[in-house]
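> got a predicted structure here, sequence first:
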Amino acid sequence: MPGQAPQTRIIGRPRARHPLILLGRAPCARSAVPGNSPLDRAVGCAPPGGVSLSPRRPHGDWPRSAFYACYFSALGALVPYWPLYLRQRGFGPRALGDLMALLALSRVIAPYVGGALSDYFGHRMTAVRGGAILAFACFLTIPWAHGFVAMAAVMMAFSFFWYATLPPVEASTLAFHGDRYGRIRLWGSIGFIIAVLGLGPVLGRFGAATVVPVIAMLLFGLWLATLGLAPFTSPVASGARRPIQRGLLPFLAACFLMQVSYGPYYTFYSLYLAHYGYSTAAIGALWALGVICEVLVFWQAGRFFAHFRESRLLAFTFALAVVRWVLIALFPRSWPLLALAQTFHAFTFGLYHAVAVRLVSRFAAPGAKARAQAIYGTAAGAGAAAGAAMSGYLWVALGREGMFLAAAAVAAVGFAIIARRRIAPVEPAF
């Protein structure tokens, strides 16, 4: 209303009787003034002479670092080795592709539902804790899931709650730790590397079923990490119809295609290498090499943003994706070329994700940060689901090598979108 004082966000010690604030100590009270948050300063929106109003962090960064480490360690166990486990359970290429597509499909629904609810009610950490414990509980039923329908139901259930935990944490980390986001998120990549390298030899000795208790322990650790996250109350969503600007629609379409191109990689790369005689230890080493290179890019992402526009960086990542899938398709027996292709992961995932998070955060409307991150996650999840589903049929129709060549063609379409439509930072819509 005219003359009414602007809405402020108060972050303080929660009242003991409040039913939605569970565990943790809240930061001191601060007023959220646009332009003075670490995120605003990180993307160049802070007003000259702005005073930092970032809240104190009584818990430090370790709970968020632990959350990212557990979340992506579970991902590091799931992505390379879950197809091997499903094959051991008797699922063929088409059924395996469909199951992985269903797993990815939950990324379409869960991030937006979790992000929208946390924006609407404003209590993000409660949703995160609930999602983490439910993901753990659902995953415990995996050994008793017999047949395609039962396995699909359990995988959808646990992954829904698991994926729903990430957008609220991403939004709050960017809001209050934006200047250190890359270094906090770095622990996720480190966890992924440890899981991939450590599990390869273990599975080679004890069998693919070992991945089940490992993921269960990591999901339990994820829930424990959420208990250390300080309660974070955000502005209640304003009801704006568009959490992000229309100018990012070409970018979201390209994100969809990037994840489609990743479908054969995430679903069949381990089986592809196993077919050519690589051991589980060698497979794990190749996966880890890509993520190690990704860590280096996350650590130095700011240098890229200081010298290049986001649109140019995006085009570069898509071009490298095309080259990467072609190398994997044409030279599966060449360890040096496969290793070279894996180093491209630093850019086709690491730099690509850093650019995506930066753009989504900058273009998000106030009070819709989690929803904006969830929209990005939804576009990526839809692409991952489509890519995983298609990869099973492409494996049968075109063969292993043809499947990766098709992925290169999809990435080339994404490159054309980015190259044709200039995506440049503009002032967010308020």
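Looks like it arrived, so ask away. Residues are numbered from 1 along each chain as shown.
> what's the local residue count around P213?
P213 sits with 12 neighbouring residues when counted by other Cβ atoms under 10 Å. C-beta coordinates here come from the backbone N, C-alpha and C atoms, glycine included.
> in a helix, it, correct?
Yes: counting by DSSP: H, G, I helix; E, B strand; the rest coil, P213 falls inside a helix.
> quick check, pLDDT for it.
Among the per-residue scores, P213 holds a pLDDT of 94.
> what separation do you get for it and L199?
Using Cβ to Cβ, to the nearest Å, one gets 11 Å for the distance from P213 to L199.
> same question, F318
Counting by Cβ to Cβ, the separation of F318 from L199 is 30 Å.
> any stretches of the stretch 301-430 of the chain with poor pLDDT?
Where the stretch 301-430 of the chain drops to pLDDT under 70, the residues are 364-371, 421-430.
> can you give me the helices in it?
For the stretch 301-430 of the chain, helices defined by DSSP state H, counting those that start in this stretch occupy the ranges 301-307, 310-330, 335-343, 345, 352-363, 369-420.
> one more: the stretch 101-250 of the chain?
If you assign secondary structure with DSSP H, counting those that start in this stretch, the helices in the stretch 101-250 of the chain sit at 124-139, 148-164, 166-177, 181-206, 211-226, 249-275.
> by contact count, what packs against whichever helix or strand comes after the last one?
Counting by DSSP states H and E, the next helix or strand C-terminal to helix 249-275 is helix 280-299. Applying 3 or more Cβ pairs under 8 Å, 6 or more residues apart in numbering; DSSP states H and E, we find helix 280-299 packed against helix 62-88, helix 181-206, helix 249-275, helix 335-343, helix 345.
> now those helices in JSON lines, please, with extra columns for distance to L394 and mean neighbour count.
JSON lines is the format used below for the helices and strands packed on helix 280-299 (distance: least, Cβ to Cβ, whole Å; neighbours: other Cβ atoms under 10 Å):
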{"stretch": "helix 62-88", "distance to L394": "15", "mean neighbour count": "23"}
{"stretch": "helix 181-206", "distance to L394": "25", "mean neighbour count": "20"}
{"stretch": "helix 249-275", "distance to L394": "7", "mean neighbour count": "23"}
{"stretch": "helix 335-343", "distance to L394": "19", "mean neighbour count": "16"}
{"stretch": "helix 345", "distance to L394": "21", "mean neighbour count": "24"}
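> among the ones you listed, which is nearest A354?
For A354, the closest of the helices and strands packed on helix 280-299 is helix 181-206, at 6.9 Å, according to Cβ to Cβ.
> helices or strands up against the closest one?
Packed against helix 181-206, as judged by 3+ Cβ pairs under 8 Å, 6+ apart, are the following elements: helix 62-88, helix 166-177, helix 211-226, helix 280-299.
> so how far is G402 from A408?
10 Å.
> of those two, which one has the most company?
In this view A408 and G402 are compared by other Cβ under 10 Å, and A408 has more residues nearby, 20 against 14.
> how close does the more buried one sit to V326?
From A408 over to V326 the distance is 5 Å, taken as Cβ to Cβ.
> S334 now?
13 Å.
> list the contacts for the nearest residue to Y71 once chain neighbours are set aside?
Leaving out its chain neighbours, the residue that sits closest to Y71 by Cβ to Cβ, 6 or more residues apart in numbering is L222, at 5.7 Å. Shown here is L222, whose contacts under the criterion Cβ atoms under 8 Å, 6 or more residues apart in numbering are F67, C70, Y71, A74, A132, A135, F136, W162, T165.
> again, only using 7 Å
Under the criterion of Cβ atoms under 7 Å, 6 or more residues apart in numbering, the contact partners of L222 comprise F67, C70, Y71, A74, A132.
> I'd say the fourth one and L219 touch.
Yes: with contact defined as Cβ atoms under 7 Å, A74 reaches L219; the gap is 5.9 Å.
> can you report how many residues neighbour R180?
Other residues within reach of R180, judged by other Cβ under 10 Å, total 16.
> please report how far it lies from A306.
Distance, R180 to A306, by Cβ to Cβ: 17 Å.
> equivalent analysis for R420, please.
For R420, the distance to A306 under the criterion Cβ to Cβ works out to 26 Å.
> which of the helices of the stretch 301-430 of the chain sits closest to L227?
Nearest to L227 among those is helix 369-420 (20.0 Å), distances taken as Cβ to Cβ.
> the closest one to helix 148-164, inter-axis angle?
Our comparison of helix 369-420 with helix 148-164, counting by axes from the mean of the first three to the mean of the last three Cα atoms, to 10 degrees, yields an angle of 100 degrees.
> got CSV for the helices and strands packed on helix 280-299, with distance to A385 too?
Putting the helices and strands packed on helix 280-299 into CSV (distance: least, Cβ to Cβ, whole Å) gives the following:
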stretch, distance to A385
helix 62-88, 14
helix 181-206, 21
helix 249-275, 8
helix 335-343, 24
helix 345, 21
